[in-house]
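Novice: what follows is a predicted structure for the sequence shown.
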Amino acid sequence: MSSDTEELGTVPLPTPGENPAGEDRKRVRGRRWRGLTGSFAAGLVVLAVVVLGSGVYALSTGAPGPGPLMLIGHPIGAILALSAQWVADRKTGVVAVAGGAAVLALTVATVWTLWLL
């Protein structure tokens, strides 16, 4: 005797907290690590867009705006962080962890040098 879900070819949804694919804890931690570092990389991209936008606004209105170091440094930091995130997303093991660590280091270095110094 088959159930209704088997007849329809559907699979019941897992309950909260259940791990349907049988993924081990390393995979879950890796996914969380990539999510965290991806958020930092995306935040750096958003920051670069805002800085570039404020530079365009300042140029068009004659108001003081970000200097050339900020206008160049933020896009470079964002591109490097996205490149490191690409490595973290597509590799496994130590290489993925190093890519994620590079994203965090690039984010800290960009914000530190361009905003705090």
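Specialist: In hand now; what should we look at? Model, not experiment: these values are computed from the prediction. Numbers count the residues shown, from 1 in each chain.
Novice: so the residue most central in space within the chain: helix, strand or coil?
Specialist: Nearest residue to the geometric centre of the chain (CA atoms, centre = their mean): G38, 1.5 Å. Following DSSP: H, G, I helix; E, B strand; the rest coil, G38 is assigned to helix.
Novice: pretty sure it is touching V87, no?
Specialist: No: with contacts counted by CB atoms under 8 Å, G38 stays clear of V87, the gap being 11.9 Å. From N, CA and C alone the C-beta is placed, and that goes for glycine too.
Novice: please point out which parts of stretch 33-47 sit buried.
Specialist: Using 16 or more other CB atoms under 10 Å as the test for burial, stretch 33-47 gives W33, R34, T37, G38, F40, A41, L44, V45, L47.
Novice: pLDDT on it, on average?
Specialist: Averaged over stretch 33-47, pLDDT sits at 97.
Novice: chain center to that stretch, what's the gap?
Specialist: Relative to the chain's own centre, stretch 33-47 is displaced by 3 Å; criterion: CA atoms, centre = their mean, to the nearest Å.
Novice: save the buried residues of stretch 33-47 as a markdown table, and put in distance to V11 too.
Specialist: Shown next, in a markdown table, are the buried residues of stretch 33-47 (distance: CB to CB, whole Å):
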| residue | distance to V11 |
| --- | --- |
| W33 | 28 |
| R34 | 26 |
| T37 | 31 |
| G38 | 28 |
| F40 | 35 |
| A41 | 34 |
| L44 | 39 |
| V45 | 36 |
| L47 | 41 |
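Novice: circling back to that earlier point, from R31, how far out is the residue nearest to the centre of the chain?
Specialist: In this view, G38 and R31 are 10 Å apart by CB to CB, to the nearest Å.
Novice: now the residue lying closest to G43 once chain neighbours are set aside: which helix or strand?
Specialist: The spatial neighbour of G43 that comes closest, neighbours along the chain excluded (CB to CB, 6 or more residues apart in numbering), is T107 at 7.2 Å. Secondary structure assigned from DSSP states H and E places T107 in helix 94-111.
Novice: sorry, back to before: G99: which of the buried residues of stretch 33-47 is nearest?
Specialist: For these, the residue nearest G99 by CB to CB is T37; the value is 7.6 Å.
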